[in-house]
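Trainee: Using only what follows, build the 3D model:
(one chain, ligands or ions: 3)
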Amino acid sequence: MNQQPSNHTNSITKKQFAQTASKEADTLPSWSISQIEELLNLPFNDLIYQAQLVHRKYHDANKVQLSTLVSVKTGGCSEDCGYCPQAARYHTDVNDEDMMSLDKVVSAAKEARGQGASRFCMGAAWRGPKQRDIEKITEIISAVKGLGLETCATLGMLKPGQAEQLSDAGLDYYNHNLDTAPEFYGEVITTRAYQDRLNTLDSVRSAGMHVCCGGIVGMGESRNARAGLIAQLANLNPYPESVPVNKLVQVKGTPLYGTDELDSFEFIRTIAAARITMPKAMVRLSAGRSEMSEEVQALCFLAGANSIFYGDKLLTTGNPEAEQDKIMFRKLGLQSL
Ligand code: SAM
Ligand code: DTB
Ligand code: SF4
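Mentor: Residues are numbered from 1 along each chain as shown. Ligands and ions are numbered 1, 2, ... in the order given. Have a look, this model is predicted:
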């Protein structure tokens, strides 16, 4: 791992920063993988400093947006994503459940709103929705939107016309992750191609919705692959409004269970690179917080994360209790958006 400071590295990074700061964020130049690797290779303090400069130019440094997740359709998924406890083919403790009823989703959304969440994100363990699923989910989206919450859904790949139906129902954001760099992707997923994911992202954009797109680190990928993921995200035109950076939650029974744990500083570096390359995006410190100390999370906020998943559950795995997060926010002087 090259972590040596050098004038060369520093001067290139300053140039990149000047580019970033001088252009409006939506029309950024493309980022090469090696430019992003240079960022990741910086001395930690220099990297965080660059990230803070960008962060403070575009965001209130003490404000964090809160999204609550609910799994509206859990388990039984046909895909083979190597990290995922909901894939039917892996033997995990997650069972195939029916879709949640409208009433249950609405009461979960009301509870999330009561706890202070501004966005409600609904996940389904599908390769993609069928037409009858779209009919049910659009009813749910309209009801949640009617509560005054921002709406987000992550339902898998979309077929032509489906993104428009979701948008018409009041869906603000669609989450669809690239997950990792194209070069590493085949090690993790074989049942859908990288291009399928890019196509879905195009459909979401064309339907006028905001894009929520990020990935997972800690799957055994190299630093170069983390740079490759960030390059893919940053070079989407425009880049996503919301960028979830997940740390792999290792679930027994999935192929990636037992992967060597990623060093926390590598995770924080990835957040900083996301912040620098996608200045206006909300960068979400996503899955994996239950396994992180408050100190590591504080460094993630310092590196430019300004959003979290809030509430004691992600989709099937745990997340810190809302009360615990409120205590952490008080200690750090953070406020919710
Ligand atoms: N089935 C849909 C799909 O894959 O597009 C939507 C739900 S899927 C669970 C949403 C995202 O959750 C995945 O793309 C992945 O990035 C993330 N995810 C799933 N399992 C995870 C895990 N064990 N650790 C971290 N992130 C995970
Ligand atoms: C995202 O990037 N992370 C969330 C959300 N989008 C849907 C999902 C994390 C799932 C973690 C494993 C689980 O709880 O099943
Ligand atoms: Fe299915 Fe989504 Fe899990 Fe992949 S990540 S197995 S598509 S639920």
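
Trainee: helices or strands next to the helix or strand that Gln35 is a member of in the packing?
Mentor: Using DSSP states H and E, Gln35 sits within helix 33-41. Packed against helix 33-41 by the contact rule (3 or more CB pairs under 8 Å, 6 or more residues apart in numbering; DSSP states H and E) you find helix 7-22, helix 44-58, helix 223-234, helix 264-277. For the C-beta atoms, the positions are set from N, CA and C on the backbone; glycine is no exception.

Trainee: The same query, at a cut-off of 7 Å, please.
Mentor: Counting contacts by 3 or more CB pairs under 7 Å, 6 or more residues apart in numbering; DSSP states H and E, helix 33-41 is packed against helix 7-22, helix 223-234, helix 264-277.

Trainee: How far off centre is that helix?
Mentor: A distance of 20 Å separates the centroid of the chain from that of helix 33-41, by CA atoms, centre = their mean, to the nearest Å.

Trainee: Could you export that helix as CSV, CA atoms only?
Mentor: Included here for helix 33-41 are C-alpha records, laid out as CSV according to Å, rounded to 0.1, in the frame of the first residue of the first chain:
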residue,chain,number,x,y,z
ILE,A,33,-8.9,5.9,-11.8
SER,A,34,-5.3,6.9,-11.2
GLN,A,35,-6.4,10.4,-10.1
ILE,A,36,-8.7,8.9,-7.5
GLU,A,37,-6.0,6.4,-6.5
GLU,A,38,-3.7,9.3,-5.9
LEU,A,39,-6.3,10.8,-3.6
LEU,A,40,-6.6,7.5,-1.8
ASN,A,41,-2.8,7.3,-1.5
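
Trainee: now the angle from it to helix 223-234?
Mentor: Helix 33-41 runs at 120 degrees relative to helix 223-234, counting by axes from the mean of the first three to the mean of the last three CA atoms, to 10 degrees.

Trainee: So for helix 33-41, what gets flagged as buried?
Mentor: Buried positions in helix 33-41, judged by neighbour count with 16 or more other CB atoms under 10 Å: 33, 35-41.

Trainee: One more: stretch 71-81?
Mentor: Here stretch 71-81 shows 71-75, 77, 79-81 as buried, counting by 16+ other CB under 10 Å.

Trainee: Kindly identify which of the residues you listed also come near ligand 3.
Mentor: Contacts with ligand 3 within these, as defined by CB under 6 Å from any ligand atom: 77, 79, 81.

Trainee: Correct me if wrong: the first one contacts Arg89.
Mentor: No - in this structure, Cys77 is not within contact of Arg89 by CB atoms under 7 Å, at 8.8 Å.

Trainee: circling back to that earlier point, flag whichever of the helices and strands packed on helix 33-41 has the least confidence on average.
Mentor: Mean pLDDT across the helices and strands packed on helix 33-41 is lowest at helix 7-22; the value there is a mean of 45.

Trainee: returning to what we had before: return the member of the buried residues of helix 33-41 nearest to Pro320.
Mentor: Nearest to Pro320, judged by CB to CB, of these is Leu40 at 26.9 Å.

Trainee: The closest one against Ala273, yeah?
Mentor: Yes - the pair Leu40 / Ala273 is scored as a contact, 5.7 Å apart, by CB under 7 Å.

Trainee: Tell me if Met328 really is in a strand.
Mentor: No - Met328: not assigned to a strand; according to DSSP: H, G, I helix; E, B strand; the rest coil it is helix.

Trainee: Could you pull up the residues touching it?
Mentor: 294, 297 (CB atoms under 7 Å, 6 or more residues apart in numbering).

Trainee: Quick check: it vs Glu295, distance?
Mentor: Met328 sits 10 Å away from Glu295, going by CB to CB, to the nearest Å.

Trainee: for Lys63, same thing?
Mentor: Applying CB to CB, the value for Lys63 to Glu295 is 20 Å.

Trainee: which of the two has more neighbours?
Mentor: Lys63 (12 against 9; other CB atoms under 10 Å).

Trainee: What is the neighbour count of the closest residue to the more buried one other than its chain neighbours?
Mentor: Nearest residue to Lys63, sequence neighbours excluded (CB to CB, 6 or more residues apart in numbering): Leu337, at 4.9 Å. By the criterion of other CB under 10 Å, Leu337 has 15 neighbours.

Trainee: May I ask you to confirm that Leu337 is in contact with Ser118?
Mentor: Yes - assessed by CB under 7 Å, Leu337 is found in contact with Ser118 at 6.2 Å.
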